[in-house]
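Q: My questions concern the predicted model and sequence given below.
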Amino acid sequence: MFIFCLTDGPRIGYILNMFKSHKTRTTSKATRSLILRTALDFFRERGVEAVTMREIAKSADIALGAAYYYFPAKEAIVQAYYDQVQTDHLAIVSAQFAGGKHNLIERLGIACHSKLDILKGDRKLLGALFRYAGEPQHPLSVLAAATQVNRQQSIAVFKLAIGGERLPEDIRAVLPVALWALSMGFLLYFIYDDSPQQARTYRLVDGTLELLVRLLSLVKSPLLRPFRESLFALLRDTGFLAEPTSPVPPSPQEAQP
């Protein structure tokens, strides 16, 4: 218990303001979450285009101005959904990788399967959102500048899955991006997969990853380094890879005579 005398007015005011600020932040977070949940329920049922901010605000029982305060447009709500998915995905993957007991193909499987598990109930919503993939300037396109952070977060998950695997540095540089692109293909197939529990998609993921890991054992060969250099130069020229800050040294495996 705190006991203050009358001369402690400034101190009392500071503490009261501190509690008021904490309450305001808590209320704001709850309101934002309510708007997001309400909007996503609408989007899942009817798609993004058919829903208005006014409907979302009315259903959430808040003023329209308050809804626009937290989300200036429906695109901002979808962006928040992307952020939430990436946060959940990273948390799940990090927890499963914590023990360090999985090999490469198991880690890649966890990364891909867990993303599909998160999105399992949102196939209809994802189908509506994928229409923007062909519109490079649309803020919700998977290749748009507005979603760059989400792409980087997803690529970072695959970097985590690769972990300390012994790979030539040029392959290590390109593999997370390639895995992200592959995961987009899995996701598109997932949207259209009408098999029970989308079992065909999970089999496709497992079979493709098994082939990929086998292929990695071949492309690591020093004999294929010139081919890899040409391929990665092409990818850099077309913007898929960043320019290296220094020449890529041979890996320890390649340096051996």
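A: Received, thanks. Numbering: from 1, shown residues only.
Q: Quick check: D83 touching A146?
A: No. No contact is recorded between D83 and A146 when judged using Cβ atoms under 8 Å, the distance being 11.7 Å. Just so you know, the C-beta spots here come from the backbone N, C-alpha and C atoms, and that holds for glycine as well.
Q: How many residues are close by P176?
A: Look at P176: counted by other Cβ atoms under 10 Å, it has 19 neighbours.
Q: host element of it?
A: Taking DSSP states H and E as the criterion, the element that holds P176 is helix 169-192.
Q: quick one: average pLDDT of the next helix or strand after that helix?
A: Read in the C-terminal direction, the helix or strand following helix 169-192 is helix 199-219, with elements assigned using DSSP H and E. Model confidence over helix 199-219, given as mean pLDDT, is 94.
Q: C-alpha coordinates for helix 199-219, PDB please?
A: Extracted as PDB, the C-alpha positions of helix 199-219 are listed here (Å, rounded to 0.1, in the frame of the first residue of the first chain):
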ATOM      1  CA  ALA A 199      -4.100 -34.100 -47.700                       C
ATOM      2  CA  ARG A 200      -2.800 -33.900 -51.300                       C
ATOM      3  CA  THR A 201      -1.100 -30.600 -50.500                       C
ATOM      4  CA  TYR A 202       0.700 -32.100 -47.600                       C
ATOM      5  CA  ARG A 203       1.800 -35.100 -49.700                       C
ATOM      6  CA  LEU A 204       3.000 -32.600 -52.400                       C
ATOM      7  CA  VAL A 205       5.000 -30.700 -49.800                       C
ATOM      8  CA  ASP A 206       6.700 -33.800 -48.400                       C
ATOM      9  CA  GLY A 207       7.500 -35.300 -51.800                       C
ATOM     10  CA  THR A 208       8.900 -32.000 -53.200                       C
ATOM     11  CA  LEU A 209      11.000 -31.400 -50.100                       C
ATOM     12  CA  GLU A 210      12.500 -34.900 -50.300                       C
ATOM     13  CA  LEU A 211      13.400 -34.300 -53.900                       C
ATOM     14  CA  LEU A 212      14.900 -30.900 -53.100                       C
ATOM     15  CA  VAL A 213      17.100 -32.300 -50.300                       C
ATOM     16  CA  ARG A 214      18.400 -35.000 -52.700                       C
ATOM     17  CA  LEU A 215      19.000 -32.300 -55.300                       C
ATOM     18  CA  LEU A 216      21.000 -30.200 -52.800                       C
ATOM     19  CA  SER A 217      23.400 -33.100 -52.300                       C
ATOM     20  CA  LEU A 218      24.100 -33.000 -56.100                       C
ATOM     21  CA  VAL A 219      24.400 -29.200 -56.700                       C
END
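Q: Fine by me, we can end here.
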